[in-house]
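1. need a 3D model of the sequence below.
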Amino acid sequence: MRVLVAYASMHGATAEIAQAIGEELRKMGLETDVRPVAEDTDVRGYGAVVLGSGIYTSHWKKEAMKFGKRNADELRRLPVWLFDSGPIDTSADEGKTTPVKGAAKLAERIGARQHVTFGGQLGPEDVGKFASSMIAKGDKNPYGDFRNFDRIREWARAIGTQLRATKPMGAGP
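-> The predicted model follows:
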């Protein structure tokens, strides 16, 4: 089975999560492509899709939302999982996050099997409006890497296990 891991990433942190997911799926014997959503990949050649985006100002990146909407009809026919990354704290690992509104609507629209949030990463080189506002509020250190790659790989293995247990289309009894 071919799996597409498609992602939208601003500074590369979400891309690294997508790569880790792809690596785990490959280790499980699944042919996996990891591609940015900007490549406008045709999902019709895949048996499953994992779609992810970085969260910025409580929203998925526009190109990830456009990818999901543009491919909604086909995605409804496939097993699909959604992920995002963004919290610059431990809330994602503690289960204290809720899906951002647009991603939750997309998950419902396409019948995603699961939507999970992973921690994000923010470095001094990424300082923008968000980090500047954190500093202005008096947060001592808004920087850090809160991505839990053990949790990410475990989630990818759970997806791989489900896919390997799925009978290929057209297979006999």
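2. residue nearest the middle of the protein, spatially speaking?
-> residue 52 (2.4 Å; CA atoms, centre = their mean).
3. and that one, what are its bridge partners?
-> Residue 52 has these beta-bridge partners by DSSP bridges: residue 7, residue 83.
4. so it sits against residue 13, correct?
-> No: counting by CB atoms under 8 Å, residue 52 does not reach residue 13; the two are 10.8 Å apart. Glycine gets a C-beta too; all of them are placed from N, C-alpha and C.
5. residue 89 in helix, strand or coil?
-> Under DSSP: H, G, I helix; E, B strand; the rest coil, residue 89 falls in the coil class.
6. please name the nearest non-neighbouring residue to it.
-> Nearest residue to residue 89, sequence neighbours excluded (CB to CB, 6 or more residues apart in numbering): residue 146, at 6.2 Å.
7. contacts only, for the one you found.
-> Residue 146 makes contacts with 87-90, 92-93, 119-121, as judged by CB atoms under 8 Å, 6 or more residues apart in numbering.
8. from residue 117, how far out is it?
-> 11 Å (CB to CB, to the nearest Å).
9. which neighbours do those two share?
-> 87, 92.
10. in stretch 40-54, what's buried?
-> Neighbour-count burial for stretch 40-54, counted by 16 or more other CB atoms under 10 Å, picks out 41, 43, 46-54.
11. please enumerate the strands of this structure.
-> For the chain, the strands defined by DSSP state E occupy 2-8, 31-36, 48-56, 59-60, 80-85, 114-118, 121-122, 144-145.
12. mean pLDDT lowest where, among those?
-> Among those, strand 121-122 carries the lowest mean pLDDT, a mean of 83.
13. packing partners for that strand?
-> Here strand 121-122 touches strand 144-145, going by 3 or more CB pairs under 8 Å, 6 or more residues apart in numbering; DSSP states H and E.
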